[in-house]
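>>> This is a predicted model, with the sequence first.
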Amino acid sequence: MIPTLNIVADLFELLRSNSLLPRDPDHNLAVSLGLSAVTFLMTVSMGRPFIQFLRAKKVGKQIRIEEPEGHFIKTGTPTMGGFMITIPVLLATVAFNLAGRLSMLLPVGVLICTATLGAIDDRMSLVGTNREGLAARFKMIWLLAFATVSALILYFPLGLRSIYIPAMGKYEIGLLYIPIAILGISGFANAVNLTDGLDSLAGGTAAVAFVAYGIIAYLQGQVQVVTFCFMMVGSLLGFLWFNAHPAQVFMGDTGALAIGASLATAAFMTGQWLLLPIVGIVFVAETLSVMLQVAYFKWTGGKRIFRMTPIHLHFELLGWSETQITMRFWLISMMAGLLGVALALI
C-alpha cells in the first residue's frame with residue numbers, strides 16, 4: 001500500500017509542477033496521460049452520487065414517440081450526464097494546466113459554453129415538462145455565436161489560418177478559414193448530438209476521436225491540445241462506466257454539444273482539421289443520413305432512403321441489437337482514427 005501511495009503522490013506532484021518544468025514532448029505526454037487517469041477517476045468517483053442527485057431531482061430523459069419501441073423503456077433515465085465529463089476536465093485544467101498555458105482557455109471555454117447551452121436544452125425537455133427543449137433555430141444561433149468567437153480567436157490571437165493537405169503540404173487560406181471554422185465547430189456539435197442515441201455510442205466514438213487528435217497534437221508538439229484531448233478521453237471513459245448498456249445515465253445535449261464543439265476546436269488548433277471528417281466518420285455518417293433522408297423525402301413527396309434516421313436507428317430497425325450497432329460503430333471509429341493519424345504523418 002505504501003509504494004502505491006508514493007506513486008500517486010509523485011504523480012500529483014508531477015502534475016502540480018508541470019507548468020514550471022521544461023516542456024519536452026515526452027514529459028508532456030506523460031503528464032497528459034497522467035491527467036487522463038485523473039479525470040477518469042474523478043468521473044467514476046462522482047458518477048454514483050451525481051446520478052442519485054439527478055434521480056432525486058427527477059432529471060429524466062423524455063423519449064420521442066417516433067423512436068423505436070425498444071427505446072421507451074429508457075424513459076426517465078437520468079440525463080444531463082454531460083456534466084460528469086465537463087466538470088472533471090474543468091477542475092483538472094484549473095488545478096494543473098492554466099499556469100503558462102492560456103491557450104487551454106479556448107477548448108475549455110468552448111466546452112463550458114456549449115455544455116451550458118445543452119444543459120438549458122436538456123432542462124426544458126425533461127419527462128413531465130411537455131416540451132421538446134429549445135427551438136432548433138434558437139439553439140443553432142447560439143452554437144453559431146460560440147463557433148464564431150472561437151473561429152476569431154483561432155484566426156487572430158492564435159494565428160491559425162491554413163489548411164494542411166496530406167502528401168501536398170500546408171497552404172494559407174486567409175479569411176476563408178473563419179467561416180470554415182465556424183461551420184466545423186457548430187456542425188460537429190450537432191453531429192455528436194445526432195449520434196447520441198444509443199448507450200455508449202457517442203461517448204465511445206468521441207473518445208477514439210480525441211485519442212487520434214491527441215496523438216496528432218503530440219506529433220506536432222502541441223502541448224495544450226495533447227493535454228486537453230487526453231483529459232477528455234479520461235472523462236469520456238469514466239462516463240462510459242455508467243453509460244454502458246443498459247445505461248444508468250445519458251449525456252444529453254449537455255455532453256453531446258460540448259464534446260462535438262470541443263473536438264472540432266482541438267482539430268482546428270492542430271491545423272489538421274481537414275482530417276476531422278475522417279477521424280469523426282461516424283458523426284459525419286449520422287449527420288449525412290439525416291440530411292439525405294430529409295432531402296429525399298421532400299424531393300419524392302414522402303419516400304425514404306433509410307427506415308429511420310440517424311442511421312443507427314436504421315440498423316436497429318433492421319434487427320441489429322443495440323450493443324452490435326455500438327460495437328461495430330466503435331470499430332469503424334477506431335479504424336478511421338488510425339487512418340487519420342496515418343494521413344497526418346504523410
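Here it is on my side, so go on.
>>> now the helices: where do they sit in the stretch 201-346 of the chain?
With helices called from DSSP state H, counting those that start in this stretch, the stretch 201-346 of the chain shows them at 201-220, 223-243, 252-270, 276-279, 281-300, 311-317, 322-345.
>>> quick one: pLDDT of Asp10?
We have a pLDDT of 51 for Asp10.
>>> oh sorry, the question was meant for Tyr155
Value listed for Tyr155 in the pLDDT field: 96.
>>> Mind checking the helices of the stretch 201-346 of the chain for the one nearest to Ile182?
Ranking the helices of the stretch 201-346 of the chain by proximity to Ile182 (C-beta to C-beta) places helix 252-270 first, at 10.1 Å. For the C-beta atoms, the positions are set from N, CA and C on the backbone; glycine is no exception.
>>> The helix or strand hosting Leu154 versus helix 252-270: what angle between them?
Secondary structure assigned from DSSP states H and E places Leu154 in helix 136-155. On the basis of axes from the mean of the first three to the mean of the last three C-alpha atoms, to 10 degrees, helix 136-155 is oriented at 30 degrees to helix 252-270.
>>> Report the strands that pair with the following helix or strand past helix 136-155, each with its relative direction.
Going down the chain from helix 136-155, the next helix or strand is strand 162-165, by DSSP H and E. Using DSSP bridges, strand 162-165 pairs in its sheet with strand 169-172 (antiparallel).
>>> So for the strand it pairs with, what gets flagged as buried?
Buried residues in strand 169-172, counted by 16 or more other C-beta atoms under 10 Å: none are found.
>>> gap between that strand and the chain center?
With C-alpha atoms, centre = their mean, to the nearest Å as the basis, strand 169-172 stands 27 Å off its chain's centre.
>>> Next: stretch 32-39.
17 Å.
>>> Same question for stretch 288-298.
Worked out by C-alpha atoms, centre = their mean, stretch 288-298 lies 24 Å from the chain centre.
>>> Identify each buried residue in it, please.
Buried residues in stretch 288-298 (16+ other C-beta under 10 Å): 288-290, 293.
>>> ok, the residues you listed vs Met327, which is closest?
Ser289 (19.0 Å).
>>> Ranking helices and strands of the chain by mean pLDDT, which lands last?
helix 2-16 (a mean of 49; mean pLDDT, DSSP states H and E).
>>> contact partners of the helix holding Leu154?
106, 109-110, 113-114, 117, 121, 133, 160-161, 175, 177-179, 181-186, 189-190, 257, 261, 265, 268-269 (C-beta atoms under 8 Å, 6 or more residues apart in numbering).
>>> In ChimeraX, how would I select the buried members of these?
Selecting the buried subset of these in ChimeraX, with 16+ other C-beta under 10 Å as the burial test, is done by:
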select :106,109,110,113,114,117,121,133,160,161,177,178,181,182,184,185,186,189,190,257,261,265,268,269
